[in-house]
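>>> Give me a 3D structure for the following:
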Amino acid sequence: MTATRGHHITVEPGTEHVRVVRDGLLLAESRRPLVLRETGCPVRYYLPPEDVRTELLTPSDTRTHCPFKGDASYWSLPGAADLVWAYEEPKAEVEAIKDHFCFYDTELVAR
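From the prediction side, this is the model:
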């Protein structure tokens, strides 16, 4: 866990079944996400690269900086710019998310 002046981040292994579908196309499916909880943000699921269909994604020129997690790179689909991001060199406090992919739109599959 990392905390800075009221800002907290936790990263934990999850057991949720996470799927990412866009326009009927399955982009990712994982039963071993990392669950990131961050003050003021929705819960995010970071998926291992083996569970993401990276061949469908195109690298984007977009880069963003988070003072708590580091610099993120983005990937797109036709008609869906910057749909997914990853931290290739995250800050030490969230090192577990290194090279895992996070999508804006995820669904949890009921058990």
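
>>> Just name the shakiest helix or strand of this protein by mean pLDDT.
Counting by mean pLDDT, DSSP states H and E, the chain has its least confident helix or strand at strand 2-4, which shows a mean of 56.

>>> right, and the helix or strand after it?
Remark: after strand 2-4, the chain's next helix or strand is strand 7-13, criterion DSSP states H and E.

>>> What residues does the closest residue to Ala86 other than its chain neighbours make contact with?
Spatial nearest neighbour of Ala86, excluding adjacent residues (Cβ to Cβ, 6 or more residues apart in numbering): Phe101 at 5.1 Å. All C-beta spots, glycine's among them, are computed from the backbone N, C-alpha and C. Applying Cβ atoms under 8 Å, 6 or more residues apart in numbering to Phe101 gives the contacts Ala28, Tyr46, Leu47, Pro49, Val52, Thr54, Trp75, Val84, Trp85, Ala86.

>>> pLDDT below threshold where in the protein?
1-4, 110-111 (pLDDT under 70).

>>> Surely Leu108 touches Gly14?
No: in terms of Cβ atoms under 8 Å, Leu108 does not count as a neighbour of Gly14; the distance is 9.7 Å.

>>> How about the contacts made by the residue nearest to Pro90 when sequence neighbours are not counted?
Nearest residue to Pro90, sequence neighbours excluded (Cβ to Cβ, 6+ apart): Gly70, at 4.6 Å. Residues near Gly70 by Cβ under 8 Å, 6+ apart: Tyr87, Glu89, Pro90, Lys91, Val94.
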